[in-house]
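[1] What follows is a predicted structure for the sequence shown.
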Amino acid sequence: MKKIMIINWIIATAFILSSCTKKEDVILIGEYGSLTGDDATFGISTNKGIKMAFDEINAKGGIKGKKIKLITEDNQGKNEETAKVVNRLITQDKIVALIGEVASARSMVAAPIAQKYGIPMVSPSSTNPKVTREGDFIFRVCFLDPFQGLVMAKFAYEHLKVKKAAIFRKNGDTYSEGLADVFASEFKKMGGEIVIDIQYQPKDIDFKAQLSEIKAKKPEVIFVPGYYSDAGNIAKQAKQIELKATLLGGDGWDSPKLHEIGQDAINGQYFSNHYTTESTDPIVVEFIKKFKARYNDEVPDGLAALGYDAARVVAEAIERAAEIKPKMIRDEIAKTKDFAGVTGKISINAERNAVKSAVVVQVENEKRKYVTTISP
Ligand code: PHE
């Protein structure tokens with residue numbers, strides 16, 4: 001009997017407490033990302049970074065006396081789901097700002113929706129130029145693919161000193177196609193030769209036919225601007241057919257699962273990224289320390305770092321805004337200048353992009369060995 005009374009009391013108290021946090025008492029921020037699906041580590045890592053940032057801010061009292069409430073939606077890495085969850089965040093949950101996505105293709109689905117409703121959207125990590133061109137409410141805190149492609153072309157030509165490159169791109173993918181095109185044109189401009197430029201299809205898991213064609217052309221490097229699952233499998237299968245060229249990739253390789261999938265074959269290969277865990281910058285050191293303490297000793301990847309930065313840029317804009325209204329938050333995000341991020345200084349330019357350096361890292365099992373920094 002007593003037990004039932006206690007339980008009733010707990011339920012009643014919980015009910016009262018939950019109805020106390022009315023919508024007006026919190027700042028609702030939406031996040032959409034791939035928490036499941038083919039590139040689930042993108043969404044999971046980003047979410048970890050965002051949550052850590054907002055928890056830190058809330059622990060210090062929140063913004064304007066209000067706590068941030070993050071509402072995270074899983075789009076399963078799919079375009080159709082993206083439209084659905086973003087519409088829901090905006091029209092039902094009534095968020096005042098939106099964070100996401102990682103993959104450029106999915107940011108391209110969400111951006112017109114955010115723009116239509118006048119909700120500021122900040123992509124932590126979508127690098128394709130088209131994303132922020134969707135409208136004046138769309139921002140990003142990372143560098144862009146025309147720069148990233150140049151970085152890897154330069155790295156191949158000047159650092160590795162190779163003259164013959166192959167390209168192996170994912171057909172129809174905004175990110176992969178965009179990055180492949182820039183790499184090709186920059187590498188050729190430098191005096192290099194693209195000996196073959198070939199594609200795979202989005203659902204492919206067997207890449208051996210194309211890899212054999214690539215092998216016949218004897219490239220010294222192969223540029224593989226896909227995400228980590230594809231890159232890992234491509235590396236593994238290249239090794240199986242004894243294709244010895246060095247593999248190069250972009251930020252899409254960044255995942256704790258890259259080595260698990262690619263195994264030995266991915267070791268020694270290079271990709272461009274948004275930050276290095278080897279940095280001695282106190283901001284980076286502190287971030288890694290806090291992240292590891294919070295997440296079971298996990299080393300944060302670039303996505304976690306960018307999620308953390310994006311969340312803090314949004315929070316700072318809300319802090320500066322006269323009122324917590326989407327349009328005012330938008331205007332303040334646009335004014336972001338010299339924000340000290342984990343991934344470098346963030347200043348939002350007239351195109352609503354950030355101009356930042358990139359690092360090139362070499363895969364060594366779970367580690368990424370820092371090789372060089374290339375500045376715009
Ligand atoms: N830049 C990639 C894109 O636009 C996404 C990505 C960013 C993946 C960072 C991994 C790390 O599609």
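    On my side now, so go ahead. Numbers count the residues shown, from 1 in each chain.

[2] For Gly298, what are phi and psi?
    No Gly there; residue 298 is Glu. Backbone geometry at Glu298, expressed as degrees, to the nearest 10, gives phi -70, psi 140.

[3] That one contacts Phe291, correct?
    Yes: applying C-beta atoms under 8 Å as the test, Glu298 and Phe291 come out as touching, 7.0 Å apart. For the C-beta atoms, the positions are set from N, CA and C on the backbone; glycine is no exception.

[4] Need the residues touching each of those two.
    Jointly contacting Glu298 and Phe291 under the rule C-beta atoms under 8 Å, 6 or more residues apart in numbering are Lys48.

[5] Lys337: neighbouring residues, count only.
    Lys337 has 9 neighbours, counted by other C-beta atoms under 10 Å.

[6] Checking it next. Helix, strand or coil?
    coil (DSSP: H, G, I helix; E, B strand; the rest coil).

[7] And the helices in the chain, which stretches?
    Listed in chain order, the helices of the chain (DSSP state H) span 2-20, 40-59, 79-91, 104-117, 145-154, 174-190, 208-216, 228-240, 258-262, 282-294, 302-320, 326-334.

[8] Let me see the contact set for the closest residue to the ligand within the stretch 151-300 of the chain.
    Each residue of the stretch 151-300 of the chain has a distance to the ligand, by C-beta to the nearest ligand atom, and the smallest belongs to Tyr175, at 3.3 Å. By C-beta under 8 Å, 6+ apart, the contact list for Tyr175 reads Ala103, Ser104, Ala105, Ser126, Thr127, Asn128, Asp145, Pro225, Tyr227, Gly250, Gly252.

[9] returning to that earlier point: let's have the helices of the chain in JSON lines, adding distance to Glu73 and mean pLDDT.
    Rendered in JSON lines, the data for the helices of the chain read as follows (distance: least, C-beta to C-beta, whole Å; pLDDT from 0 to 100):
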{"stretch": "helix 2-20", "distance to Glu73": "20", "mean pLDDT": "51"}
{"stretch": "helix 40-59", "distance to Glu73": "10", "mean pLDDT": "98"}
{"stretch": "helix 79-91", "distance to Glu73": "4", "mean pLDDT": "98"}
{"stretch": "helix 104-117", "distance to Glu73": "10", "mean pLDDT": "98"}
{"stretch": "helix 145-154", "distance to Glu73": "26", "mean pLDDT": "97"}
{"stretch": "helix 174-190", "distance to Glu73": "21", "mean pLDDT": "98"}
{"stretch": "helix 208-216", "distance to Glu73": "35", "mean pLDDT": "98"}
{"stretch": "helix 228-240", "distance to Glu73": "22", "mean pLDDT": "98"}
{"stretch": "helix 258-262", "distance to Glu73": "26", "mean pLDDT": "97"}
{"stretch": "helix 282-294", "distance to Glu73": "22", "mean pLDDT": "98"}
{"stretch": "helix 302-320", "distance to Glu73": "15", "mean pLDDT": "98"}
{"stretch": "helix 326-334", "distance to Glu73": "18", "mean pLDDT": "98"}
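
[10] separation between Glu177 and Asp297?
    Spatial separation of Glu177 from Asp297 under the definition C-beta to C-beta, to the nearest Å is 37 Å.

[11] That's all I had, so thanks and see you.
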